[in-house]
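Asks: One predicted model, sequence on top.
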Amino acid sequence: MTSDVENLKQQACSFIDKMAAELIEISHDIHDHPELNFKEHYAAERLARAATKHGLDTTIGAYGVPTGFAAQHGTGPTVAIVCEYDALPGIGHGCGHNVIAAAGIGAALAAVSVCNSSGGSVRLLGTPAEEGGGGKISMGRNGAFQGLDAAMMVHPADADLTTIDAIAIQQLLVEYTGRASHAAAAPEYGRNALDAAVMGYIGVAALRQHIAPTERVHGIFIKAGDKPNIVPRESSMDWYVRSDTIATLQPLKSRVLACLEAGAVSCGCTMTHQWDDRPYAEMLTNGPLVASYVANSAALGRVVRDPRDCGHAVVGSTDMGNVSHLVPSIHPMISIAPRGTAIHTEEFAKHARSHTADLAILDASKAMVMTAIDFWTSAPRQSLVAKVFSEENTSTDVL
């Protein structure tokens, strides 16, 4: 049986080697055409076209999301290969989603080539708007992750790690309303909405020293007035509130909101707020699945370390965390840049179109498809994956 599994892995890896030039071209093409949340029409069409070209009938606009896509092949236990392809404002692919997309297509098509022999099924999912839009949540509400036995994707970073340290996050939009007046002739009649926002900001800044070291709160001013000699009638802010888990996020949200409301009270203004209805949950990394990925990466000459053991972590938030509460999942990080190169930077965007990134695409594709083969060909492993997921998953309210 071992030799049969190894033969299947070799077959899948050979398929990826034959596709290498095409996968790299896809990555470069998406990198050269960065698109923001839910506007990724070029990338979605490019990826769907590549999948269809290789015989995987792919639907754009899948699960009610115009720039999402999906395809499925085979019967038996179903493994989802997840693609991301949205970019960041100003810095393009500073998170390297072009690498994720190309690696995902490579892994999915290689999986199609062996899933019948492996006794499994593969579902390719193109999930837009990871950078704050919650594309996976939107697709998940329409059934994208139903009927799955496992899900995986690989994200570029400055190190090879078993997982991203993904914490829960929810976006908050706040608007203050005061009363306009001439700032010199009649300031006493004004109620300064900008001052209210500033006071709220200061309140949150003071709060930061009394929250957990792993929690994060950061915001920006969106609107701050129209002209210096007019007391600002309106102001607005955009905030991200992050905590270790979706459960611990709830009390932190209340504390942040209280600070912002105090700003309104102190300046005689009113405040309205809206929490985004797609909060991101923390990532639950499935132990048996990631152990398989680590072993397969080692066979490719790539050493993948646990952030808790090596002392190097990539902290952020992702809607793949929500997926991990619905189905056993992994989200390992693959090195494409020198150690210490932060994601979401112009420097990282350059590395996302480098020779190192190109090699990572091939390794990520191979490691994922080999992990899928391990899962399909081992009933004990399938049982262990499900058992660990059942024991570790305590939250289902993520959609």
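Replies: Nice, I can see it.
Asks: what residues does whatever helix or strand Arg123 lives in touch?
Replies: In the assignment (DSSP states H and E), Arg123 maps to strand 121-126. When contacts are taken as C-beta atoms under 8 Å, 6 or more residues apart in numbering, the neighbours of strand 121-126 outside the stretch itself are 44, 47-48, 51, 56, 58, 62, 67-83, 85, 101, 104-105, 108, 111-112, 115, 139, 144, 148, 372. Every C-beta, even on glycine, is put in place using the N, C-alpha and C of the backbone.
Asks: just stretch 283-303 next, same as before
Replies: Contact with stretch 283-303 is made by 9, 150, 152, 160, 162-166, 304, 318, 320-321, 324-325, 328-332, 334-335, 363, 366-368, 370-371, 374-375, 381, 384-385, 388-389, 392-393, as judged by C-beta under 8 Å, 6+ apart.
Asks: Looking at the protein, which helix is longest?
Replies: helix 2-32 (DSSP state H).
Asks: Quick one: mean pLDDT for it?
Replies: Helix 2-32 comes out with an average pLDDT of 97.
Asks: Stretch 54-61 now?
Replies: Mean pLDDT, computed over stretch 54-61, is 96.
Asks: before we move on, what about stretch 42-49?
Replies: In this model, stretch 42-49 has an average pLDDT of 98.
Asks: Name the residues of that stretch that are buried.
Replies: Within stretch 42-49, the residues that qualify as buried are 42-44, 46-48, counting by 16 or more other C-beta atoms under 10 Å.
Asks: repeat for stretch 92-109
Replies: Of the residues in stretch 92-109, those buried under the neighbour-count criterion (16+ other C-beta under 10 Å) are 92-109.
Asks: same thing with stretch 124-141?
Replies: Across stretch 124-141, burial judged by 16+ other C-beta under 10 Å covers 124-140.
Asks: number of nearby residues for the residue nearest to Ser118 when sequence neighbours are not counted?
Replies: Taking C-beta to C-beta, 6 or more residues apart in numbering as the measure, Ser118 lies nearest to Trp376, with 4.1 Å between them; neighbours along the chain are not counted. With neighbours defined by other C-beta atoms under 10 Å, the count for Trp376 comes to 28.
Asks: Repeat that for Asp158.
Replies: Asp158 sits with 19 neighbouring residues when counted by other C-beta under 10 Å.
Asks: can you give me phi and psi for it?
Replies: Asp158 adopts backbone torsions of phi -100, psi 10, taken as degrees, to the nearest 10.
Asks: who touches it in this structure?
Replies: Applying C-beta under 8 Å, 6+ apart, we find Asp158 in contact with 314, 335-343, 348.
Asks: Recalculate using a threshold of 7 Å.
Replies: Contact criterion C-beta atoms under 7 Å, 6 or more residues apart in numbering gives 335, 337-341 as the residues in contact with Asp158.
Asks: and what of His182?
Replies: With contacts defined as C-beta under 7 Å, 6+ apart, His182 is in contact with 229-230.
Asks: follow-up on the earlier one: quick one: the residue nearest to Ser118 and Asn116 touch, right?
Replies: No. Look at Trp376 against Asn116 with C-beta atoms under 7 Å: they stay out of range, at 10.2 Å.
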